[in-house]
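1. Build me a model:
(one chain, ligands or ions: 1)
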Amino acid sequence: MADTVSDDQKFCLKEVLDAFRLCLSENREVYLQHYVAGWRGLIKFLNTLGSVFGFISKDAVTKIQILVHLLNGENGSQYVTIQSMVKYEQGNELVDLTKRGNNQESGCRTLLRLHRALRWLELFLDRLRTSSEDGKTSVMCADAYNESLAKYHPWVIRKAAGMAFCLLPGRQAFLEIMNVGSSEQVVAMLGEAIPLISEVYQITEVLYAQHNMLDLP
Ligand SMILES: CCCCCCCC/C=C\CCCCCCCC(=O)N[C@@H](COP(=O)(O)O)[C@H](O)/C=C/CCCCCCCCCCCCC
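-> Now for the predicted structure:
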């Protein structure tokens, strides 16, 4: 029977690993183009999980589209790295710092939402990597969410997310979707990917803290 998912829509952990590796420049700047590519790869995974996860995927896609639009726009050269984006948007008063105003779709605000989600991803993947064969992905996902993203979400989103987590496939099926090979191979690749994701997260966190932008509305 023909495969209904075309190859470029299929999730591949290696693709995500490569994107996050390419994110980092020699002087520890973060290339926005590869950051976006990493998220695009992750969304493919989300899309394999069914329509219950559609509201999460939709929000992530919207945010990625905002960043792609800025990258491809007339000021695209200012958006090559997260560092240059922050400098440009702050220097030109393109960021709403305390309350939502004219810049609701600034690159800085949009990326901050994905940045917070990246912390969830790091915590979740680390649990997945170190869990036993009978570990429950729904619990790992919920614990990682409660430790990171949940504090930024209103009750209704937390509730919907919690219900969706209960429908996650088991650990073995989860590892198979990664398209890497045996469980051992997936675990080894996660061991490579997590430090890269963590480094990108830390660099962004420090940058946003230096510019007092960790609480953008
Ligand atoms: C290595 C592969 C294995 C893991 C693959 C994971 C794939 C995950 C892909 C995407 C993750 C979702 C990213 C969600 C970004 C959410 C950003 C956000 O916080 N948005 C909220 C605030 O935005 P504004 O209103 O201020 O513009 C927005 O309100 C959120 C709406 C949607 C709900 C977000 C719930 C997030 C749950 C994260 C866990 C995803 C579970 C995936 C299960 C594998």
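2. rest of the way, CA atoms for contacts and neighbours
-> Fine.
3. quick one: the strands in the chain?
-> Ranges of strands in the chain, per DSSP state E: none exist.
4. what about residue 148, distance to the ligand?
-> Note on residue 148: its distance to the ligand, by CA to the nearest ligand atom, to the nearest Å, is 9 Å.
5. Spatially nearest residue to that residue, not counting backbone neighbours?
-> In space, and not counting its chain neighbours, residue 148 is closest to residue 120: 5.6 Å by CA to CA, 6 or more residues apart in numbering.
6. could you pull out the helices for this protein?
-> Per DSSP state H, the chain carries helices over the ranges 13-23, 32-47, 54-72, 82-91, 107-130, 137-147, 155-165, 171-177, 183-210.
7. Now mean neighbour count and distance to residue 97 too, for these, in TSV please.
-> Listed next are the helices of the chain as TSV, based on neighbours: other CA atoms under 10 Å; distance: least, CA to CA, whole Å:
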stretch	mean neighbour count	distance to residue 97
helix 13-23	20	26
helix 32-47	20	21
helix 54-72	17	18
helix 82-91	18	9
helix 107-130	20	9
helix 137-147	19	25
helix 155-165	15	24
helix 171-177	16	39
helix 183-210	17	12
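8. near the ligand, which residues of the chain show up?
-> 13, 42-43, 45-46, 55-56, 59-60, 113-114, 117, 157, 161 (CA under 6 Å from any ligand atom).
9. from those residues, which two are the most distant?
-> Using CA to CA, the residues of the chain next to the ligand span at most 27.1 Å, a distance reached by 13 and 157.
10. coming back round to it: just checking, the residue nearest to residue 148 touches residue 144?
-> Yes. Using CA atoms under 8 Å, residue 120 makes contact with residue 144 at a distance of 5.5 Å.
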